[in-house]
Each structure stands twice: as structure tokens, then as C-alpha cells.
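**Q** Provided below for reference: sequence and predicted model.
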Amino acid sequence: MENLAGGGKPVYLQRSDYPTDFIPLFESLGIPVLTTHDKEKLSVVLSGLQSQNYQNCPKNTDNLVTFLKQNLDL
């Protein structure tokens, strides 16, 4: 999220032992999500980053704070 907010082009690598709660958010922001550590898939995603359609991070920090608290059990 920090990378995207700073103008970067992030890619999310989903580990099998991590929860998948944030995947819908990442996909809604146009962040590519890789569920396997396949070198070929990673290469395809990295080569297409320039044409990837990233969305802007939400500006409403209250909604983002609420979302993070609910998903991180704070």
C-alpha cells in the first residue's frame, strides 16, 4: 500500500500460510496478486508492469483505518 501510494507499481506475492483477506482490496486497486512462486508467471507480471492499470489509493483515511482495524483484529 505504501508503494502504491508513493507512485510505485507493487506486486503482491501471496504465501500459502498467510490469510487471503487483503486480496480483494489489492485486486480492486489493480495490484497483481501471485499465489505461487512460479518464475515464469512472475516474469510475465514484471514485464507487464508498465501497462498495468493501477488505481489510486483511497483518500478517505477513516475508511482505511476501519478496514485495517477490522482485518488486523486491533
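**A** Now that the structure is in, tell me what you want to look at.
**Q** CA atoms of whichever helix in the chain runs longest as CSV?
**A** Secondary structure of the chain per DSSP state H: the longest helix is helix 61-72. The C-alpha coordinates for helix 61-72 follow below in CSV (Å, rounded to 0.1, in the frame of the first residue of the first chain):
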residue,chain,number,x,y,z
THR,A,61,-8.4,7.6,5.8
ASP,A,62,-11.3,6.9,8.1
ASN,A,63,-12.5,4.1,5.9
LEU,A,64,-9.0,2.7,5.5
VAL,A,65,-8.4,2.8,9.3
THR,A,66,-11.6,1.0,9.9
PHE,A,67,-10.8,-1.6,7.3
LEU,A,68,-7.3,-2.2,8.7
LYS,A,69,-8.6,-2.5,12.3
GLN,A,70,-11.3,-5.0,11.3
ASN,A,71,-8.9,-7.1,9.4
LEU,A,72,-6.0,-6.9,11.8
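**Q** Grab the nearest non-local neighbour of the residue nearest the centre of the chain.
**A** By CA atoms, centre = their mean, the mean C-alpha position of the chain lies nearest to residue 26, the distance being 3.4 Å. Nearest residue to residue 26 in three dimensions, chain neighbours excluded: residue 12, at 5.0 Å (CB to CB, 6 or more residues apart in numbering). For the C-beta atoms, the positions are set from N, CA and C on the backbone; glycine is no exception.
**Q** hang on, the earlier thing: tell me how far the residue nearest to the centre of the chain lies from residue 6.
**A** Distance, residue 26 to residue 6, using CB to CB, to the nearest Å: 16 Å.
**Q** Kindly report the same for residue 48.
**A** 20 Å.
**Q** Equivalent analysis for residue 65, please.
**A** 19 Å.
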